[in-house]
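Novice: Fold the following and give me the result.
(one chain, ligands or ions: 1)
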Amino acid sequence: MKTFKEEVKSRRTFAIISHPDAGKTTLTEQLLLLGGAIRAAGTVKGKKSGKFATSDWMEIEKQRGISVTSSVMQFDYNGFRVNILDTPGHEDFSEDTYRTLTAVDSAVMVIDSAKGIEPQTLKLFKVCRMRGIPIFTFMNKLDRVGKTPLELIAELEEVLGIEAYPMNWPIGMGKEFLGIYDRFYNRIETFRGEEEDRFLPLNEDGELAVDHPMKQSSLYTDVLEEVELLNEAGNEFSEEKIRSGLLTPVFFGSALTNFGVQTFLETYLQFAPEPQPRHSDQGEINPLEEQFSGFVFKIQANMNPQHRDRIAFVRICSGKFERGMSVTLARTGRTSKVTQSTQFLADDRSTVEEAVSGDIIGLYDTGTYQIGDTIVGGKKVFHYDPLPVFTPELFVRVTAKNVMKQKQFHKGIHQLVQEGAIQLFKTKFEDYILGAVGQLQFDVFVNRMKNEYNVDVVMEHIGSKIARWIEGDKVDEKLNSSRSMLVRDRFDRNVFLFENDFALRWFQEKHPNVKLYNPME
Ligand code: GDP
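Specialist: Just a heads-up that it's a prediction; the model follows:
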C-alpha cells in the first residue's frame, strides 16, 4: 500500500497536443496499450469505429464521436498512475481544449515529421508556454519520408522559440529507416529488428559496440557525424529548463508501427513533473496538503438527454477525494455530499471511490458548477486563480427565431455564458455577439439552447475577427466602425473586433494613444 504522499508523487497528468492527423490518437492508443488500459488499437475514437453511434449521448457527440470516456484516460505503468487528457483536433476545437491545459502538469506535442509545425500545434503550444507547462515532443511518422531531423529541430526552435534537446536521432527514414540513435540511453534501437537485437549498445566513443550490418550503412556513419555536431553545438540537457518549459526533449519515432513509443513513455515518466502546486487567493496550495481541493476546468453537458445531466470535470489539486465526502463550493459557500462521482478509463466509466492530487474526477452536476469553480473538502475555504480568458476568433450575431421566446433566450444565453461555454459581447445597440475559439462551441450552443431552453436561435456569421481589449478601458465611441467594431464583453469592458490584421495595424498607426492588448499574450 502506498502512502498518500507516494500516491500523489506517482501521478503524471498530461495532455497530448497536436495538429489533426499528426498521430495523436495513434500515439494515445499505443500508450494505453502499453498501460494495459485497452486491448486493441482502434478503440479510442468513436469517430472512426462508430462505436458510440448507439449510445444515447447528445446528438452532436454522436456525430462527432466525442466522448467523455476519451476525454480523460487513466492507466498504471511502472508504478506511475498516468492521466491523459484529450485535447480535440480542429473540427472539435473549443475553449475546452485550451482549458484542459490548465488541468495538466505537462504536455506531449506530437509532430508529423513530414509537415513540421502546423497551425494548431502552434496555438496549443502558445497556451502551454503562457502557463509555463513543460513540453515533451514526439516527432512522429519516421517510417515515412519527411523533413530531415536537423530541419525539424531548427523549425521547432525558430517557429516556437523553445530550445530543443534531441533525446535520440533517427537513422534514415521512410523505407530506409533503420532505427534511432539513443543519446540518452547510449544505445541504438533498431526498427523492425529481431527482439534480441532490438537494442544495440554503444561504446565510449558513441559507436556501435557490437557487430551489426548497420555499421556498413552510410546512414549510420552520417548519424555519427550529426550526433557529434549535436554534442558539440547543440543545447545541453537540463532538467531544470525542461521543468520550466524552456527546453523540450525531442523523441523521434513512429506511433503507427509502435516504434520508439515505449522508450518515449519510460523516459517521459522519469522527467515529467508530478502534480504541481496551484495558486489560490490564499497563496500556493501544495498537492501534498491533506485538505481536499480542486477546480472545475470543463463541463460536459447532456450526456443523457433524458436526465439533462452534466459532468463537471475536476482537477484535484490537493488532498484525497473519497466518494460520499462533503465538499464546499467556494463561490456559493454551500456544502453538499458528493455521492455521484466518476473516474475515467479508456473503455468505460467507473465509479471512483478514491482519488488524489493530480487525478481528474467527474462530478454529476445538475447546474451547480461553473467552469473555474473551486471545491474544497474542509474548513478552509479558498479560491483557485480564475481560469485565463481565451481570445475568441470566430464571431456570430445571435437572435431568437421566435420573438415570443425572448425570456428563455436571455436566460439560456446568460447561463451558458456564465458556465463558460461561450463568450458574449454586446454592441452599442444591445445586439448579442457570441465569440468562440472554435466552431464546435457554436454548434454546442445551438444544441443546448434548443434542448435545455427550448429556443431556436438564428446565427449570422460575421466571420473571424481579431479581438483586442483596451488598456485602462477608456475609448472614444467614435472609433467604432465596420472594420473596428466596438463591443462590450460580459464584464462591461470595451473590446474592438478588427476585421483583419490589416485593420488592426492601420488602427494602431492611426491611434497610437489607444493601447490595445490580447489577454492571451
Ligand atoms: P490525430 O488526428 O492526430 O489523432 O491522428 P491519428 O492518430 O488519427 O493519425 C492520422 C493518420 O496518420 C492515420 O491514418 C494514422 O494511421 C496515421 N499515422 C499515425 N502515426 C503514424 C506513423 O507513425 N506512421 C505513419 N506512416 N502513419 C501514421
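Novice: Please enumerate the strands of the stretch 251-400 of the chain.
Specialist: Secondary structure of the stretch 251-400 of the chain (DSSP state E, counting those that start in this stretch): strands located at 278-280, 283-285, 293-301, 310-318, 320-322, 326-329, 334-337, 341-344, 349-351, 354-356, 360-365, 374-376, 394-400.
Novice: where's the first one relative to the chain centroid, distance-wise?
Specialist: Centroid separation for strand 278-280 versus its chain: 19 Å, with CA atoms, centre = their mean, to the nearest Å.
Novice: Can you check the pLDDT for the closest residue to residue 207 other than its chain neighbours?
Specialist: By the measure of CB to CB, 6 or more residues apart in numbering, the closest residue to residue 207 outside its immediate chain neighbours is residue 224, 6.5 Å from it. Backbone N, C-alpha and C define where each C-beta goes, glycine included. According to the prediction, residue 224 has pLDDT 97.
Novice: Hmm, residue 208 and residue 224 touching each other?
Specialist: No: contact criterion CB atoms under 8 Å: residue 224 and residue 208 do not qualify, at 9.2 Å.
Novice: re the thing from before, contacts for the helix or strand where the residue nearest to residue 207 lies next, please.
Specialist: Under the criterion of DSSP states H and E, residue 224 resides in helix 218-233. Contacts to helix 218-233, defined as CB atoms under 8 Å, 6 or more residues apart in numbering, come from residues 149-150, 166, 169-172, 176, 178, 181, 183, 206-208, 214.
Novice: For residue 430, the count of nearby residues, please.
Specialist: Using other CB atoms under 10 Å, residue 430 has 7 neighbouring residues.
Novice: Surely residue 145 touches residue 114?
Specialist: Yes: counting by CB under 8 Å, residue 145 touches residue 114, with 7.1 Å between them.
Novice: For the residue nearest to residue 207, grab the count of nearby residues.
Specialist: Neighbourhood size, residue 224 [other CB under 10 Å]: 17.
Novice: same thing with residue 505?
Specialist: 11.
Novice: And the pLDDT at residue 337?
Specialist: 88.
Novice: Let me see the contact set for it.
Specialist: Residue 337 sits next to 324, 325, 326, 327 when contact means CB under 8 Å, 6+ apart.
Novice: so how far is residue 361 from it?
Specialist: Distance of residue 337 to residue 361, computed by CB to CB, to the nearest Å: 15 Å.
Novice: Packing partners of whichever helix or strand comes after the helix holding residue 224?
Specialist: The helix or strand immediately downstream of helix 218-233 is helix 239-243, counting by DSSP H and E. Counting contacts by 3 or more CB pairs under 8 Å, 6 or more residues apart in numbering; DSSP states H and E, helix 239-243 is packed against strand 247-252.
Novice: Please repeat the previous calculation with a cut-off of 10 Å.
Specialist: Applying 3 or more CB pairs under 10 Å, 6 or more residues apart in numbering; DSSP states H and E, we find helix 239-243 packed against strand 163-166, strand 247-252, helix 261-271.
Novice: Next, format those as a markdown table and append mean neighbour count and mean pLDDT.
Specialist: Conversion of these to a markdown table gives the following (neighbours: other CB atoms under 10 Å; pLDDT from 0 to 100):
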| stretch | mean neighbour count | mean pLDDT |
| --- | --- | --- |
| strand 163-166 | 21 | 98 |
| strand 247-252 | 25 | 98 |
| helix 261-271 | 19 | 97 |
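Novice: ok, back up a step: I would like a PyMOL command selecting only the buried ones among the contacts of residue 337, please.
Specialist: Only the buried entries of the contacts of residue 337 go into this PyMOL selection, using 16 or more other CB atoms under 10 Å:
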select buried, resi 325+327
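Novice: Using pLDDT, spot the least trustworthy of the contacts of residue 337.
Specialist: residue 324 (86).
Novice: thought that one was touching residue 339?
Specialist: Yes: the pair residue 324 / residue 339 is scored as a contact, 5.8 Å apart, by CB atoms under 10 Å.
Novice: where does this protein have low pLDDT?
Specialist: For the chain, the stretches with pLDDT under 70 are 39-70, 89, 302-309, 341-353.
Novice: What parts of it come near the ligand?
Specialist: 18, 20-26, 89, 140-141, 143-144, 254-256 (CB under 6 Å from any ligand atom).
Novice: thinking again about what came up before, the contacts of helix 218-233 in helices, which ones?
Specialist: Using DSSP state H, the subset of the contacts of helix 218-233 located in helices is 149, 150.
Novice: nearest to the ligand, of the contacts of helix 218-233?
Specialist: Using CB to the nearest ligand atom, residue 170 comes nearest to the ligand of the contacts of helix 218-233, at 11.9 Å.
Novice: ok, now which ones touch the nearest residue to the closest one once chain neighbours are set aside?
Specialist: The shortest distance from residue 170 to any non-neighbouring residue, by CB to CB, 6+ apart, is to residue 252 (4.5 Å). Going by CB atoms under 10 Å, 6 or more residues apart in numbering, residue 252 touches 111, 113, 137-142, 149, 152, 166-171, 173, 177, 179-182, 189, 259-260, 264.
Novice: any idea how far residue 24 is from residue 252?
Specialist: Using CB to CB, one obtains 16 Å as the distance from residue 252 to residue 24.
Novice: before we move on, what about residue 481?
Specialist: Distance from residue 481 to residue 24, by CB to CB: 41 Å.
Novice: between the two, who's got more neighbours?
Specialist: Between residue 481 and residue 24, counted using other CB under 10 Å, residue 24 has the larger neighbour count: 26 against 13.
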